[in-house]
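1. With the sequence up front, the predicted model follows.
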Amino acid sequence: MGDAYLLVSIIIVVALIFDYTNGFHDAANAIATSVETKALRPKQALALAAVGNLVGAFISEGVAKTVGSGIIDVTPSVSGLYVVLGGVFGAIAWNMITWWFGIPSSSSHALIGGLVGAALASSEVVHWDGVLKKVAIPMVISPVVGFSLAFGLTALLQYLFRNSKRSTVSKYFKGAQICSATAMSVGHGLQDAQKTMGVMTLALVVGGFHSGDSIPTWVKVSAALAIAAGTYAGGWRIMKTLGKRMVHIDQLRGVASETVASSILFVLAINFKAPISTTHTITSAIIGSGATRGKKAVSWPVVGKILTAWVITVPMAAISAALMVYLTKFLGFH
Amino acid sequence: MGFTPKDAVLFDLYTSLTERLASAARSSVELVAAPMEERRELAKRIGNIESEADELLGKIVRRIDDMFVTPYDRGDLQDLANSLDDAMDAIEEATDVAVLHRVENFPPLATELVEVVRKCAELTASSMPRLKNLKDLEHFYAEVDRLEDEGDRIHRRITAQLYDGSVDAMTILRVTGTIDQFEESLDHMAKVARVIRTISLKES
């Protein structure tokens, strides 16, 4: 059991680091708009985002269960732990490669691809039905729906407020923006913290430390804290996000895109138990919201990035995870 | 194209503002050609046009500030209004200075320069109604660019002639006070075209 103990610990630590960096990288996106339009000061926005992450992590277990037991089944054994380890490291390796070469990617896609690849490499069970219904379809549909709904909501709001005076409605939109930014942070915790919980639980089950598909409380708490801490630590990135943005987002578009994106994150996590990419969801909503100005307002390179991530990330992460599994076998670890 | 409401009043205000600019430029052509004693009257007319333009500018700025949903980026719309105002101010200053400095005779090339200013202002006025749809503006950008270049070249030739030693220093100072401002008005109109181009790149 010594080996199993060590391997489970490694997976859990790595999963938590993954979670922390997720918050570190992405959370700024959720709150950047509300800082830009001065609805919130950076520190307030950051605290709100971190708390939102924490709350979101505790709302449901659907996504964690899908990642933990809905995608692959691994026989509880030391060899099985190498499969989980291979999956996680495969995803991280692919993330590093894409980061190094500047290839667009998505860590959520990489994680799923990694798990599937590792399971295939060692003839463990892959729930293809689950992969299709809870992962592949939602991942493709969520950006499309995000784009369309944000486009529709923006067009509607612009029509409704076409004659409104800025001095009267601006303050209401500030309030709305605080709500929508909070919803985004909750949605972020709901989606991304749960992916980590799923991996942790999978490792615990395969290592023989846990049975069933329930998520242990300490797993929830640690995953929630890791993402919230990452968000808080990565706060300085807000300014970077704002600086990099070519077209600035006005209040109306901020509210519209965040409302749509957070709704999608909520519905898919709670009703469909589907892990989706938070970055793709908010990005596609922002693009849809901007597209009401005309097709030149759409950042086509970003659309390309999302499409590339669909096509490339999952198989490549799967291959790199499979290679990890073969490597550990070759080295005689299992 | 696009689902952002386009406020008709705002676009009409921009068009009216550029019409004032064109009208001031036309009077400037007359002023440069006119004998000294008739210039005061023309300069006064241009001064009045400039006041009307100022009022329009005020209306535009207030309207942009009031609107919650702006047809284009708020900052770009403000830049556009300010650049038009700068162009107007330069023309007004050029003509006022011509009267105050009591320039007796402008060099023949000054007529060409002010003619370029007129063409550019009229082109801006006739293109402004297309700000709403941002269509068919390529010719406008290219032509304003060309006119600004032409204005620069004429301006340089005028100064070269003034500095050739045959003109006394006081005359040089009097004339440059006016022609520098005409040249400046062309720079501001080029800025106007650039802002419209930026808007068009972002939106359309």
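-> In hand now; what should we look at? For clarity, every value in this text was computed on a predicted model and none was experimentally measured.
2. can you list the residues of chain A near chain B?
-> Listed as neighbours of chain B in chain A under the rule CB under 8 Å from any CB of the partner chain: A:151, A:154-155, A:158-159, A:161-162, A:164-167, A:169-170, A:173, A:247-248, A:250-252, A:292-294, A:296-297. C-beta here means a position set from N, CA and C on the backbone, and glycine is covered the same way.
3. Okay, and which of these map to helices?
-> Among the residues of chain A next to chain B, DSSP state H puts A:151, A:154-155, A:158-159, A:166-167, A:169-170, A:173, A:251-252 in helices.
4. where does chain B dip in pLDDT?
-> For chain B, residues meeting the criterion pLDDT under 70 lie at B:1-2, B:204.
5. any bit of the longest helix seen in it sitting next to chain A?
-> In chain B, with assignment by DSSP H, the single longest helix is helix B:169-202. Yes: for helix B:169-202, a contact with chain A is found by CB under 8 Å from any CB, at B:201-202.
6. Give me the buried stretch members for that helix, please.
-> Buried residues in helix B:169-202, counted by 16 or more other CB atoms under 10 Å in any protein chain shown: B:171, B:174-200, B:202.
7. Can you name every helix or strand that it contacts?
-> Applying 3 or more CB pairs under 8 Å, 6 or more residues apart in numbering or on different chains; DSSP states H and E, one finds that helix B:169-202 makes contact with helix B:74-100, helix B:108-127, helix B:138-162.
8. Format those helices as a markdown table; extra columns: distance to A:G187 and mean neighbour count.
-> Formatted as a markdown table, the helices and strands packed on helix B:169-202 follow (distance: least, CB to CB, whole Å; neighbours: other CB atoms under 10 Å in any protein chain shown):
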| stretch | distance to A:G187 | mean neighbour count |
| --- | --- | --- |
| helix B:74-100 | 29 | 21 |
| helix B:108-127 | 46 | 21 |
| helix B:138-162 | 44 | 17 |
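9. Out of those helices, the one nearest A:L81 is which?
-> helix B:74-100 (56.2 Å; CB to CB).
10. Report the angle between the closest one and helix B:108-127.
-> For helix B:74-100 against helix B:108-127, the angle between stretch directions is 150 degrees (axes from the mean of the first three to the mean of the last three CA atoms, to 10 degrees).
11. so what secondary structure elements neighbour helix B:74-100?
-> helix B:8-33, helix B:36-66, helix B:108-127, helix B:169-202.
12. Might you report the residue contacts of A:A193?
-> A:19, A:53, A:56-57, A:223-224, A:226-227 (CB atoms under 8 Å, 6 or more residues apart in numbering or on different chains).
13. so of those residues, which ones are in helices?
-> A:19, A:53, A:56-57, A:223-224, A:226-227.
14. for those, which one is nearest A:A285?
-> Distance to A:A285, by CB to CB, is smallest for A:G56 among these, at 17.3 Å.
15. Return the residues of chain B in contact with chain A.
-> With CB under 8 Å from any CB as the criterion, chain B meets chain A at residues B:1-5, B:7, B:65-70, B:72-74, B:201-204.
16. which of those count as buried?
-> Taking 16+ other CB under 10 Å as the criterion, what is buried in these is B:2, B:4-5, B:7, B:67-70, B:72-73, B:202-204.
17. Farthest-apart pair in those, please.
-> B:F68 and B:S204 (22.0 Å).
18. related to what we said a few turns ago, in the ones in helices among the residues of chain A next to chain B, find the pair that's most separated.
-> Maximum distance among these (CB to CB): 27.6 Å, for A:F151 and A:S167.
19. Next one: the nearest residue to A:T33 once chain neighbours are set aside relative to A:V302, how far apart?
-> Distances taken as CB to CB, 6 or more residues apart in numbering or on different chains put A:G254 closest to A:T33, at 3.8 Å, once the chain neighbours are dropped. The gap separating A:G254 from A:V302 is 17 Å, by CB to CB, to the nearest Å.
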